[in-house]
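> Can you look at this prediction? I've put the sequence above it.
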Amino acid sequence: MAERRVFAGYYKRYDGKPIFVIRVLKDIDTGEAIVVCKDASFSREDNEHYYLIRYASFCEQVEVDGVLRDKYVRQTRREIDEGTVREVYEDGFPEPKSKPFTYVDDEYAERTIRCSRTYYEYADLFRKRFSEGLSIRKAADAMQQNRGVVERRQAALYRAFAQLLQTQNSSQRRAKMHRLDPIERLPDGSLFRLTPGQLRSVRGLTKRCCNFSGGECLLLDGVCPQHISRSLLCRWFRRVVLPQQPKREQSIRSPKKLRRCAVCGRGILTRSGRAIYCRDCAKEVHRQQKAKSARKRRSGVDNLGAKSS
């Protein structure tokens, strides 16, 4: 059982009986908290008697039609009339005081929110909200619960569904990741390096990735390597995300230092402006040039000997 604060005002029992809570007292011997209340169904003639309810019994939950519900739900929309306040004051009880509203950020608020343990306890909420199409207010009235309780349970249901979908999508992405082609490399075996402008664009694109969340990769369960790297190394980013910008993809795959071999057309990475052949073609072209030079030298010697004779 989760403890909760009990305020002075109108409450409704799970069976529909209304009561008016006056205050919470403590037993002098045991220290147990006791709720002082009176019958709030003014249609009765004999409703001037006061009753005591143990605090533990007041805050507990009961099972109604297979669903756990609060035993007493506060009626926040019902205002306390002056006649009830005057009647309680004449009987010797202090007037209920309304505290000013103070904003507390939920991020720093330490509180315990009761939640259901199984999905069967959300069945009534799911049927009212989504099958019958009721609004939160009408669903809360039909379920005899506070509107805030219904909103919290609906948010918990959304979070549970989102977690299941995320787990399913992660398993599907892992299976698809293994079927992706390996990342391309430069002729020397190194990865494509990014310029400062390309790096800023790639970091912006990583935020659009379905696996990116706050700088971390959901598949790797750690820091996103593509977001912090100056090279193109993620296969998922290369095959799925980068093609969304064809111009940027073309500029990354065709850097300024990358040329095409004059013989086979293969990409070559050069550090000087004189290289026009790849490594394999350069050997073949050099062999042909050397053979041609040797033939020319031999032909010159033969011509010189013929003239001297």
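Arrived safely, thanks for sending. Residues are numbered from 1 along each chain as shown.

> Report how many residues lie close to the closest residue in space to P96 that isn't next to it in sequence.
When the adjacent residues along the chain are set aside, P96 lies closest to A8, with 3.5 Å between them (C-beta to C-beta, 6 or more residues apart in numbering). Yep, even glycine has a C-beta here, placed from its N, CA and C like the rest. Neighbour count of A8, defined by other C-beta atoms under 10 Å: 20.

> One more: L218?
Here the number of neighbours of L218 (other C-beta under 10 Å) works out to 16.

> now it: how far from P246?
Distance of L218 to P246, given as C-beta to C-beta, to the nearest Å: 26 Å.

> Also Y72?
According to C-beta to C-beta, Y72 and P246 sit 64 Å apart.

> Which residues does the residue most central in space within the chain form beta bridges with?
Nearest to the mean C-alpha position of the chain, by C-alpha atoms, centre = their mean, lies S213 at 7.4 Å. On DSSP bridges, the residues paired with S213 through beta bridges are E216.

> do the one 10 residues further on as well
According to DSSP bridges, the residues that bridge with V223 are E216.

> rewinding a little: more neighbours, Y72 and P246?
Neighbour totals were compared for Y72 and P246, and Y72 leads with 23 against 9 (other C-beta under 10 Å).

> Could you pull up phi and psi at the closest residue to the more buried one other than its chain neighbours?
Sequence neighbours aside, Y11 is the residue nearest to Y72 in space, at 4.5 Å (criterion: C-beta to C-beta, 6+ apart). Listed backbone geometry of Y11 is phi -130, psi 160, with angles given as degrees, to the nearest 10.

> now L233
With angles defined as degrees, to the nearest 10, L233 shows backbone torsions of phi -130, psi -10.

> distance of it from Q226?
Applying C-beta to C-beta to L233 and Q226 gives a distance of 6 Å.

> what's the answer for I53, then?
Using C-beta to C-beta, I53 is found at 61 Å from Q226.

> now do R23
According to C-beta to C-beta, R23 stands 61 Å off from Q226.

> Which one's more surrounded, these two?
For R23 versus Q226, the count of surrounding residues by other C-beta under 10 Å is larger for Q226: 23 against 15.

> next SSE after the helix or strand containing the more buried one?
Q226 belongs to helix 225-228 when assigned by DSSP states H and E. From helix 225-228 onward toward the C-terminus, using DSSP H and E, the following helix or strand is helix 235-236.

> Return the distance of that following helix from the chain's centre.
The gap between where helix 235-236 is centred and where its chain is centred comes out at 21 Å by C-alpha atoms, centre = their mean, to the nearest Å.
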